[in-house]
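Q: Build the 3D model from these lines:
(2 chains)
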2 protein chains.
Amino acid sequence: MAKIRTPPIYTTPADAAMAFYQAFEAKDLDAMMATWAEDEEIVCVHPGGTRLVGYDAVRLGWEQLFAGDTRLAFRLEQIVVIETVGLAMQSVVEHITLGQDSSPRGTAVCTNVFLRTPYGWRMVMHHASPTPATPSTTPSGPLH
Amino acid sequence: MAKIRTPPIYTTPADAAMAFYQAFEAKDLDAMMATWAEDEEIVCVHPGGTRLVGYDAVRLGWEQLFAGDTRLAFRLEQIVVIETVGLAMQSVVEHITLGQDSSPRGTAVCTNVFLRTPYGWRMVMHHASPTPATPSTTPSGPLH
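A: Next up is the predicted model:
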């Protein structure tokens, strides 16, 4: 019989963020999607990928990502948080390693946004993009 | 005599967003910085660049960006908005052209976050990253 899990209630944005990265490292699709709001307005951008909008598209994106062999581990640094009663933003620098042997995979800058819902704090935005590992004050983007 | 401008008060996140893109297109540094909260927690990520944190670093980033000859124009599409009383998130796909001749420069996905301050709505996060122009449900990022 399939195990039925009651979705957890995250009482703070930080709890939801921790659950998000734990699910990511564990490649646990149900646990991952339990951190997201069940909404058509949620947005997920994986590094270099197109923008995924809505619960079904976001779920499919994680399903495809977790289908690969790679298992990643994250070390979060330089966390900036802006929190209000209903919505919270977290900006982090993700140092990503391959879980098995800790070889460096790269660095991403990531914006996570959490919404307070009747079911606790849930993710509504995950926007990750590759970034140079060494901080610099010079923006060197090809677009802007 | 230098012209002294009273910073405008944006009464909605959408007003602040519009002023942000107008200042960006006009390369008007003072108008750009008037859309940002004067805070040490503000975050700006230009496409492919490192993360800039704090008012001074964010201002310096725009100053350097505006110092170049390039003048950009933006067409915003697929706008997703999540708004609460104190904080608002806007996710947009930016179609960027060179202002002079409308040649396509590329497409970026962008997360903007606005905070309601005593001086109206102000930007606290701008995270832009290059994205494939054609939507796809397959995340193809090199990192995640």
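Q: What backbone torsions are found at the residue nearest to residue A:117 when sequence neighbours are not counted?
A: With C-beta to C-beta, 6 or more residues apart in numbering or on different chains as the criterion, residue A:117 has its nearest non-adjacent residue at 5.6 Å, and that residue is residue A:37. For every residue, glycine as well, the C-beta is placed using N, CA and C. Main-chain dihedrals, residue A:37, degrees, to the nearest 10: phi -70, psi 140.
Q: pretty sure residue A:37 is in contact with residue A:125, am I right?
A: No - between residue A:37 and residue A:125 no contact is recorded; they are 9.8 Å apart, counting by C-beta atoms under 8 Å.
Q: Same question for the host helix or strand of residue A:18: list its buried residues.
A: Here residue A:18 sits within helix A:13-26, counting by DSSP states H and E. Using 16 or more other C-beta atoms under 10 Å in any protein chain shown as the test for burial, helix A:13-26 gives A:13, A:14, A:15, A:16, A:17, A:19, A:20, A:21, A:23, A:24.
Q: can you map out the strands along chain A?
A: A:43-45, A:51-53, A:72-83, A:87-98, A:104-117, A:120-130 (DSSP state E).
Q: and residue B:102, which of those is closest to it?
A: Set against residue B:102 and scored by C-beta to C-beta, those come closest in strand A:51-53, at 23.5 Å.
Q: Return the list of helices and strands in contact with the closest one.
A: Counting contacts by 3 or more C-beta pairs under 8 Å, 6 or more residues apart in numbering or on different chains; DSSP states H and E, strand A:51-53 is packed against strand A:43-45, helix A:55-67, strand B:72-83, strand B:87-98.
Q: per-residue confidence averaged over it?
A: Averaged across strand A:51-53, pLDDT comes to 97.
Q: Stretch A:129-138 now?
A: Rounded mean pLDDT across stretch A:129-138 is 68.
Q: related to what we said a few turns ago, and residue A:80, which of the helices and strands packed on strand A:51-53 is closest to it?
A: Using C-beta to C-beta, the nearest of those to residue A:80 is strand B:87-98, at 13.8 Å.
Q: can you give me the angle that closest one makes with strand A:72-83?
A: Orientation check (axes from the mean of the first three to the mean of the last three C-alpha atoms, to 10 degrees): strand B:87-98 against strand A:72-83 gives 110 degrees.
Q: Which strands border strand B:87-98, and is each parallel or antiparallel?
A: If you go by DSSP bridges, strand B:87-98 pairs up with strand B:72-83 (antiparallel), strand B:104-117 (antiparallel).
Q: just the angle between that strand and helix B:13-26, please?
A: Strand B:87-98 runs at 30 degrees relative to helix B:13-26, counting by the same axes, to 10 degrees.
Q: ok and strand B:87-98 relative to strand B:120-130, angle-wise?
A: 50 degrees.
Q: any chance of the strands of chain A in TSV, with mean neighbour count too?
A: As requested, those are arranged in TSV below (neighbours: other C-beta atoms under 10 Å in any protein chain shown):
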stretch	mean neighbour count
strand A:43-45	26
strand A:51-53	22
strand A:72-83	16
strand A:87-98	21
strand A:104-117	22
strand A:120-130	24
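Q: That'll do, ta.
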